[in-house]
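Q: structure for the following, please:
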Amino acid sequence: MEYSPPPFFKRGPGLLTRFGFFALISVALLIADARFSYVDTARNALAALVNPFQRLFALPADGLSRVGEFFVTSAQLRRENDQLRRDALNNAAALQTQRAVAAENDNLRQLLGMSKRLERSSTAAEILHAPRDPFARRVVVDRGAQHGLRPGLAVVDRLGVIGQVTRVFPFSSEVTLITDKEQAVPIQVLRSGVRGVTFGIGYDGTLELRFMPVNADIQNGDLLVTSGIDGTYPPGLPVAIVSNIERNAAYAFARITCTPAAGVSSYGQVLIVSAAEAHAPSQTQTQTQTPSSPEAAATGTTEQEKR
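A: Purely as a prediction, here's the structure:
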């Protein structure tokens, strides 16, 4: 028998035959999947089988992406945090300034309303500072002799009396508060009409109503207003509120403690009330009618003599 070597390439069906076979299988699978969904189970099983390998192969790329996002996000968050801190600080400063301006505006509005209610002319002033003397209750305002001020003028705020001008400089003045030991304010109990005098004792927030009889008609909570008999303070301005009364039959006078009604140390704007002005009579009242004839003059003289 003659020996023949095996072929180098093993030949099977022809290319056209294989193409036709696989094409028929593909068409059959497409029809079965579209009409009867026979391939869904196999597809789901294959996806479940391949999914771990897909995740495993995607880990390096995902890790690098996440590391980059971490650093980018961290830097962005740090920048945003710094910006938010700066914005919060700026907003806080603006809010505080706005609150201060609103409070000052409200105080000025109320001072303007009080200025309209006062029968005397008044000058608005702002408190500059307080002297360094710890035993005196005084403040310095930004109005002085150049603005028409002089010692003795009353000083009020939107709540009532706070003191009196005691020293005047060219462009500033010193105001002694009603809580100073040297200050006395004539008052009247608004409820009963009893008159008296309050004295400062050198402490903020406390006044004394001295020389009031034990049986005087005065109670806790009574409002004390200026009586106006001194000619310095306009009548009817709040001065203090009675806070404590001690009556002892062994003494002739009661011990009465009061709380200032005005913001003695709370507000920065005040009104300096000028002294009462003597209003001149109007021109129509002072003018006399000039007689037009001697007869009218004689008649007028006769009528005056009859009167």
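Q: after the strand or helix carrying Q54, which helix or strand is next? Please name it.
A: According to DSSP states H and E, Q54 maps onto helix 40-117. Sequence-wise, the next helix or strand downstream of helix 40-117 (DSSP H and E) is strand 122-129.
Q: residues in contact with that following strand?
A: Contacts to strand 122-129, defined as Cβ atoms under 8 Å, 6 or more residues apart in numbering, come from residues 108, 111, 115, 139-143, 147-149, 155, 172-173, 267-274. Yep, even glycine has a C-beta here, placed from its N, CA and C like the rest.
Q: which members of these occur in strands, if any?
A: Here DSSP state E is the test, and these give V139, V140, V141, V155, S173, Q269, V270, L271, I272, V273 as lying in strands.
Q: one step back: among the contacts of strand 122-129, name the buried ones.
A: Buried members of the contacts of strand 122-129, scored by 16 or more other Cβ atoms under 10 Å, are 108, 111, 115, 139-141, 143, 147, 149, 155, 172-173, 267-274.
Q: burial of F171, as a residue count?
A: If you count neighbours by other Cβ atoms under 10 Å, F171 ends up with 11.
Q: can you name the residues that contact it?
A: With Cβ under 8 Å, 6+ apart as the criterion, the residues that contact F171 are D142, R143, G144, A145, Q146.
Q: one more time with 7 Å
A: G144, Q146 (Cβ atoms under 7 Å, 6 or more residues apart in numbering).
Q: look at V239 and report its pLDDT.
A: We have a pLDDT of 94 for V239.
Q: what are the pairing partners of the one helix or strand V185 maps to, and which direction each?
A: Assessed by DSSP H and E, V185 sits inside strand 184-189. Sheet pairing of strand 184-189 (DSSP bridges) gives strand 195-200 (antiparallel), strand 223-226 (antiparallel).
Q: burial-wise, tell me which of those comes out on top.
A: Stretch with highest mean neighbour count among the strands paired with strand 184-189: strand 223-226 (a mean of 22; mean count of other Cβ atoms under 10 Å).
Q: what's that strand in contact with?
A: 161, 185-190, 198, 233-242, 258.
Q: show the pLDDT at the residue nearest to I187 when sequence neighbours are not counted.
A: With sequence-adjacent residues excluded and distances taken as Cβ to Cβ, 6 or more residues apart in numbering, I187 is closest to L224, at 4.3 Å. Among the per-residue scores, L224 shows a pLDDT of 95.
Q: mind listing what's buried in the strand holding V185?
A: Buried, per 16+ other Cβ under 10 Å, within strand 184-189: A184, V185, P186, I187, Q188, V189.
Q: can you put the residues you listed in JSON lines and add distance to L24 and pLDDT?
A: Converted to JSON lines, the buried residues of strand 184-189 look like this (distance: Cβ to Cβ, whole Å; pLDDT from 0 to 100):
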{"residue": "A184", "distance to L24": "123", "pLDDT": "93"}
{"residue": "V185", "distance to L24": "119", "pLDDT": "94"}
{"residue": "P186", "distance to L24": "123", "pLDDT": "94"}
{"residue": "I187", "distance to L24": "119", "pLDDT": "95"}
{"residue": "Q188", "distance to L24": "120", "pLDDT": "93"}
{"residue": "V189", "distance to L24": "119", "pLDDT": "94"}
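Q: can these go into a markdown table with extra columns for distance to N248?
A: Output for these, formatted as a markdown table (distance: Cβ to Cβ, whole Å):
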| residue | distance to N248 |
| --- | --- |
| A184 | 23 |
| V185 | 25 |
| P186 | 25 |
| I187 | 22 |
| Q188 | 24 |
| V189 | 20 |
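Q: pLDDT on stretch 20-37, on average?
A: Stretch 20-37 comes out at a mean pLDDT of 82.
Q: pull the CA atoms of it into CSV?
A: Only the C-alpha atoms of stretch 20-37 are listed here, as CSV (Å, rounded to 0.1, in the frame of the first residue of the first chain):
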residue,chain,number,x,y,z
GLY,A,20,-25.5,29.3,5.1
PHE,A,21,-25.6,27.0,8.2
PHE,A,22,-24.7,29.8,10.7
ALA,A,23,-27.0,32.2,9.0
LEU,A,24,-29.9,29.8,9.4
ILE,A,25,-29.1,29.4,13.1
SER,A,26,-28.9,33.1,13.6
VAL,A,27,-32.2,33.7,11.9
ALA,A,28,-33.8,30.9,13.9
LEU,A,29,-32.5,32.4,17.2
LEU,A,30,-33.7,35.9,16.2
ILE,A,31,-37.2,34.6,15.4
ALA,A,32,-37.3,32.6,18.6
ASP,A,33,-36.1,35.5,20.7
ALA,A,34,-38.5,38.0,19.1
ARG,A,35,-41.6,35.8,19.1
PHE,A,36,-41.2,33.5,22.0
SER,A,37,-38.4,35.0,24.2
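Q: having no further points to raise, I will conclude here.
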